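When you get a sec, could you give me coordinates for this:
(one chain, ligands or ions: 1)
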Amino acid sequence: MIIAIDGPAGAGKSTISQRLAERLGFTRLDTGALYRAVALAEMRKGNAADAPDVGPWNLEVEGDRLTLDGEDISQAIRAPEISSAASDFAKNPAVRAGLLALQRRLGRARDTILDGRDIGTVVFPDADVKIYLTAQPEARAHRRWLELEARGHAQPFRIVLAEIMARDKQDMGRAIAPLRRAEDAVEVDASELGIEEAVEACLAVVRQARG
Ligand code: C5P
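Below you'll find the predicted structure:
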């Protein structure tokens, strides 16, 4: 079974997917982390975001641990500059093609919750459950601001808000696999919800889909 959770940056996709996976006994695949890893790998090689000859990438995913050529990069990919770089590299057709195959292979291996931007529209258009998780920009920026502070990457709130809005605009406006709600996705607006309430709202969608 595949559960697709898409939505803009900072809506709470990561935390909610993680909790849902624990509650349902599913594996969780953070597809944004893959785009971040690829951006990091290509930047280290000195490649620009639109370079045609990207990859191959030696990526291994084990739960929340992500390695590149054997090096644990789980923390390095969370640096703020990697967020916008990931969005830049995510426009590159060769990057998307490479990661499409990897996401499908990992998702098909077992019951999986995948969170990202194009899971319900492109990666798994036949997903059993599709959720579009969203929230007002200020609520998303606030969440991201707290997250960055907790990770030691504190930034002024207005910078975090501007970065989130610029990234959404780029992710929604790109030519290939833009961020949008799949027609058959159920929208959950988490602006006014705490994490547990948002998890419950998503669980209700899953239960309804399972019948
Ligand atoms: O979710 P996260 O903020 O980690 O994603 C980083 C970037 O990766 C996004 O801004 C987006 O450009 C890209 N991405 C994507 N498709 C996905 C997941 C992430 O294009 N399925």
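
My read is that Arg110 contacts Gly25, right?
No. Using CB atoms under 8 Å, Arg110 is not in contact with Gly25; the gap is 10.0 Å. Every C-beta, even on glycine, is put in place using the N, C-alpha and C of the backbone.

between those two, who's got more neighbours?
More neighbours sit around Arg110 than around the other of Arg110 and Gly25, counting by other CB atoms under 10 Å; the figures are 10 against 7.

show me the contacts for Asp115.
Ala4, Ile5, Asp6, Lys13, Ser14, Ile16, Ser17, Arg28, Leu29, Asp30, Thr31, Gly32 (CB atoms under 8 Å, 6 or more residues apart in numbering).

buried subset of the residues you listed?
Buried residues within the contacts of Asp115, counting neighbours by 16 or more other CB atoms under 10 Å: Ala4, Ile5, Asp6, Lys13, Ser14, Ile16, Ser17, Arg28, Leu29, Asp30, Thr31, Gly32.

Nearest to the ligand, out of the residues you listed: which one, please.
Gly32 (2.4 Å; CB to the nearest ligand atom).

what residues are up against that closest one?
By CB under 8 Å, 6+ apart, the neighbours of Gly32 are Lys13, Ser14, Ala86, Asp115, Gly116, Arg117.

Any buried residues in the strand or helix carrying it, and which?
Using DSSP states H and E, the element containing Gly32 is helix 31-44. Under the neighbour-count criterion of 16+ other CB under 10 Å, helix 31-44 has 31-43 buried.

still on that earlier bit, taking the contacts of Asp115 one by one, which sit in strands?
Ala4, Ile5, Asp6, Arg28, Leu29, Asp30 (DSSP state E).

Could you dump these into TSV with distance to the ligand added?
Formatted as TSV, the ones in strands among the contacts of Asp115 follow (distance: CB to the nearest ligand atom, whole Å):
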residue	distance to the ligand
Ala4	10
Ile5	10
Asp6	7
Arg28	13
Leu29	10
Asp30	7
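
okay, who's weakest in the buried ones among the contacts of Asp115 by pLDDT?
pLDDT is lowest at Ser14 among these; the value there is 93.

Tell me which residues touch that one, please.
Contacts of Ser14 by CB under 8 Å, 6+ apart are Asp30, Gly32, Asp115.

Let me know the closest of those to Val54.
Nearest to Val54 among the contacts of Ser14 is Gly32, at 17.4 Å by CB to CB.

Next, see if the helix holding Gly32 gets close to the ligand.
Yes. Judged by CB under 6 Å from any ligand atom, helix 31-44 and the ligand are in contact via Thr31, Gly32, Ala33, Tyr35, Arg36.

gap between that helix and the chain center?
12 Å (CA atoms, centre = their mean, to the nearest Å).

Next: stretch 204-211.
22 Å.
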